[in-house]
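Visitor: Give me coordinates for this.
(chains A and B)
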Amino acid sequence: MNLAQVFFFLCAAGTLVGAIAAVASKNPIRGALGLMVMIMGIAALYLGLGAQFLAAIQLIVYAGAVVVLFLFVIMLLGPDATSATDMRGLAPRVLAGVLFAVTGGAAISLTIAVSKHHMIPRVGPDFGGVDAFGRELFSTGIVPFELSSALLMVSVIGAIAIARGKHGGLPGELKSADEIRASLAAQATSSEEHG
Amino acid sequence: MGLVFALSPLLIIAVGALLLMMAEVFFKQRNGLALGATLVFATAGAFAGSIWMVGVENLPGIEALSPWLITDRFTLFFDMILCLGGALASLLAGGYLPEHNIDRGEFYSLLLFATFGAMMLAGSGDLLTVFLGLETMSLGAYALTAFRRASPRSIEGALKYYLLGSFAAAVLIYGFALIYGATGHTDLAGITQVMASGKAEMPLMLMALGLVFVGLVFKVSGVPFHMWTPDAYEGAPTPATTYMAVAVKSGGFAMMLRVLLTVFGDAQSMSWSSGWPPAMAMVAVLTMTVANLVAGRQESVKRMLAYSSIAHAGYLLVGVVATMRSQTQASAAVMFYLLTYTVSTAGAFGALILCGSRGAEAVSYEDLAGLGRRHPAAALPFALFLLSLAGIPPTAGFFGKWFVFHAAIDGGFYALTIIAFINSVIGAYYYLRVLVYMYMREPAAGAPVAIPMKSGYVTAALVLSAILVIALGLAPAGTLDMAVQAATHSAG
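Guide: Numbers count the residues shown, from 1 in each chain, chains lettered A, B, ... in the order given. From the prediction side, this is the model:
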């Protein structure tokens, strides 16, 4: 076993431990930190492939933004906002877990089976570097890159539209016929009382 | 130039959306935004039509976009349907939003960008652009649903739609990842090639098919993945509901036809014994039956129309099943049906908007009682669009159903056609029930009645869709011929 393999197994073990902690821990903060460990493990695996850029992006986006966002939400709600003893819905949760494990297991075993009689192509020496990534993004991938700006645009406008709705003007309320009838009846009775 | 011309429908929508946002910031008057959005949609649709007339084969340089975006007659036909749906929705919004005091300019930008996504979806030739287009369209639709922020119902519908939609998108992209793993391609043409040569890893491909199938059926709200639809459609402001029922559904069907008929269009995946058609037929039967039975029990007309749109997705899925035997005829029938469904549904929701005014939105059947006598001008178009939804000649809806059922019979799906036919009879019950209330009932003494609003925008939308409903019902041949051309050129 050479050094690269030792590095790989260490990172893989760290990733697995983090993933299990993220799923299994009852404390949400511990869960989020487990997620962070997993993400850092994956970033280290990218480093092992020589993909510095992917590793950096993985850290910045996932550890830097996503997990921090999780932590913010948990802190806002308070760490004990969850009900640890909630046993309702246990059966569907277990069922979903089993279903997911079976699907995932099947996918993994199939992939291993496939890789036995097909060589899995090795990544090139410049895989995941800034150069290769940038060249790919701005040459072959320019069309989806430009199109994704529409995705970002619509999410920004959508967020503004929803956020402004709370303050902008008197919002129209959707009233069902029953609500209208009830309010009319209330008016009628109050006018009778006054009369 | 060919490249810019080929992209012009997308470019016009995107630039138009940005300009409208600027206009909203710099001009105090908001009345013109709806007109502006409608004009942007009309221009984009007109450009799609002119590309159609010039002929996509006469455009030099469009290979530069491949494999990401495909400009063929299939794309252009859907571009025109989507622009029509978007234009009708923005006209309705021009009347509805000021009336109900939620007149904010973002609505039109969201409509335009969501349509951009839907057009991207219709023209995508790669799983990556499929997903980008789908998310652009869906994010716009989520935000439109939550647009009436102060209403708990709107927020509830939007949250359900958003969460379930995100799960469905995750399932879909899981399937896409497996397709990439099995074939080594993300472009549809490359996947088709690998599948045809038999080099794809079949067990992986089957799992991918299952996951992609779920994602696709969710997006067109087929049963059993329809749970979000009634809540989202009821909670959303009615123009947003119109848009979701019309354009988002058309985008979903464009994606379904494109992905199923290319990636899973090989002989084995299309066969009855080992492919997707039996599962799709099952979903179609469930969708029609459940939606029609539940729709008949609704007391809110808006919710009834939501279930009716699920039922129409069921009829459309019958057409998708029929692509197994006669790909061109059946997909042409589906596309024609989408057009007739677009004008009838937009008209029906528009008439519902017209029947209500501030604080007294027409929602239940009782609200509409006696409307035919009090306000015949609001009741008459409503009746026309409901007859078209029920599929009664000489309206557009009749020929839509006729061609889909015809394709199903030609494909030998007799049982499926009979179930679809029985379902459209059940459907006629609840459409006609509205007519009974409008023309044969009087409101109970002292009960509140809906007062129709006055709006040039809504009237324009109703006139436009009424003309199309009657025109497509009297002379469907030319449009059907276009749909056949679009379907012919989509293969390959």
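
Visitor: and the most centrally placed residue in chain A, how far is that from residue B:132?
Guide: Residue closest to the average C-alpha location in chain A (Cα atoms, centre = their mean): residue A:66, at 7.4 Å. To residue B:132, residue A:66 is 20 Å away according to Cβ to Cβ, to the nearest Å. Yep, even glycine has a C-beta here, placed from its N, CA and C like the rest.

Visitor: what about the residue nearest to the centre of chain A, which SS state?
Guide: helix (DSSP: H, G, I helix; E, B strand; the rest coil).

Visitor: what's the answer for residue A:159, then?
Guide: Residue A:159 is classified as helix under three-state DSSP.

Visitor: ok, it - how many residues close by?
Guide: The number of residues packed near residue A:159 is 13, by other Cβ atoms under 10 Å in any protein chain shown.

Visitor: Contacts only, for the nearest residue to it once chain neighbours are set aside.
Guide: Of all residues not flanking residue A:159 in the chain, residue B:143 sits nearest, at 7.6 Å (Cβ to Cβ, 6 or more residues apart in numbering or on different chains). Contact analysis of residue B:143 by Cβ atoms under 8 Å, 6 or more residues apart in numbering or on different chains lists A:154, A:157, A:158, A:159, A:161, A:162, B:106, B:110, B:158.

Visitor: Next, count neighbours for residue 152.
Guide: Since you didn't name a chain, this refers to chain A. Residue A:152: 11 neighbours (other Cβ under 10 Å).

Visitor: try again with chain B
Guide: Look at residue B:152: counted by other Cβ under 10 Å, it has 12 neighbours.

Visitor: What of residue A:100?
Guide: A count of nearby residues for residue A:100, using other Cβ under 10 Å, gives 10.

Visitor: Likewise for residue A:137?
Guide: Using other Cβ under 10 Å as the criterion, the residues surrounding residue A:137 number 12.

Visitor: quick one: it and residue A:145 touch, right?
Guide: Yes. Using Cβ atoms under 8 Å, residue A:137 makes contact with residue A:145 at a distance of 5.6 Å.

Visitor: Which residues are in contact with the nearest residue to residue B:235 once chain neighbours are set aside?
Guide: Nearest residue to residue B:235, sequence neighbours excluded (Cβ to Cβ, 6+ apart): residue B:157, at 2.9 Å. With contacts defined as Cβ under 8 Å, 6+ apart, the neighbours of residue B:157 are B:145, B:146, B:228, B:231, B:232, B:233, B:234, B:235, B:236.

Visitor: My understanding was that residue B:374 contacts residue B:449; is that so?
Guide: Yes. Here residue B:374 lies in contact with residue B:449, judged by Cβ under 8 Å, at a distance of 7.3 Å.

Visitor: What is the subsequent helix or strand relative to the longest helix seen in chain A?
Guide: In terms of residue count, the longest helix belonging to chain A (DSSP state H) is helix A:90-117. The helix or strand immediately downstream of helix A:90-117 is helix A:130-138, counting by DSSP states H and E.

Visitor: then that following helix to PDB, C-alphas only?
Guide: Output in PDB follows, covering the C-alpha atoms of helix A:130-138 (Å, rounded to 0.1, in the frame of the first residue of the first chain):
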ATOM      1  CA  VAL A 130      -8.600  25.800 -12.900                       C
ATOM      2  CA  ASP A 131      -7.300  25.700 -16.500                       C
ATOM      3  CA  ALA A 132      -9.200  22.700 -17.700                       C
ATOM      4  CA  PHE A 133     -12.400  23.700 -15.900                       C
ATOM      5  CA  GLY A 134     -12.300  27.200 -17.300                       C
ATOM      6  CA  ARG A 135     -11.500  26.100 -20.800                       C
ATOM      7  CA  GLU A 136     -14.400  23.600 -20.700                       C
ATOM      8  CA  LEU A 137     -16.800  26.100 -19.200                       C
ATOM      9  CA  PHE A 138     -16.200  28.800 -21.800                       C
END
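
Visitor: pLDDT averaged over that helix, what's the number?
Guide: Mean pLDDT, helix A:130-138: 85.

Visitor: Indicate whether that helix makes contact with chain B.
Guide: No. Counting by Cβ under 8 Å from any Cβ of the partner chain, chain B is not contacted by helix A:130-138; separation bottoms out at 12.2 Å.

Visitor: any idea how far the residue in the stretch 151-300 of chain B that chain A sits nearest to lies from residue B:409?
Guide: Using Cβ to the nearest Cβ, the single residue of the stretch 151-300 of chain B nearest to chain A is residue B:151, 4.9 Å away. Per Cβ to Cβ, residue B:151 is found 45 Å from residue B:409.

Visitor: If you count surrounding residues, which of the two has more?
Guide: Using other Cβ under 10 Å, the more surrounded residue of residue B:151 and residue B:409 is residue B:151, with 21 against 14.

Visitor: Point out where the chain drops to low pLDDT.
Guide: The chain I'm using is chain A. Across chain A, the ranges flagged by pLDDT under 70 are A:79-88, A:117-121, A:166-195.

Visitor: please go with chain B instead
Guide: Using pLDDT under 70, chain B drops low at B:448, B:489-492.

Visitor: what about the longest helix in it?
Guide: Longest helix in chain B by number of residues (criterion: DSSP H): helix B:152-183.

Visitor: Of all the residues in that one, which ones are buried?
Guide: Applying a neighbour-count criterion of 16 or more other Cβ atoms under 10 Å in any protein chain shown, the buried positions in helix B:152-183 are B:154-162, B:164-165, B:168-169, B:171-176, B:178-183.

Visitor: secondary structure element for residue B:432?
Guide: Using DSSP H and E, residue B:432 falls in helix B:414-440.

Visitor: That helix: what's the following helix or strand?
Guide: Remark: after helix B:414-440, the chain's next helix or strand is helix B:456-474, criterion DSSP H and E.

Visitor: Now do that following helix: everything it contacts.
Guide: Residues outside helix B:456-474 that contact it (Cβ under 8 Å, 6+ apart): B:34-35, B:88, B:91-96, B:339-340, B:343-344, B:346-347, B:350-351, B:353-354, B:381, B:384-385, B:388, B:393-399, B:479.

Visitor: so the helix or strand following it versus helix B:456-474, what angle?
Guide: Sequence order places helix B:477-490 as the next helix or strand after helix B:456-474, per DSSP H and E. Going by axes from the mean of the first three to the mean of the last three Cα atoms, to 10 degrees, helix B:477-490 is angled at 90 degrees with respect to helix B:456-474.
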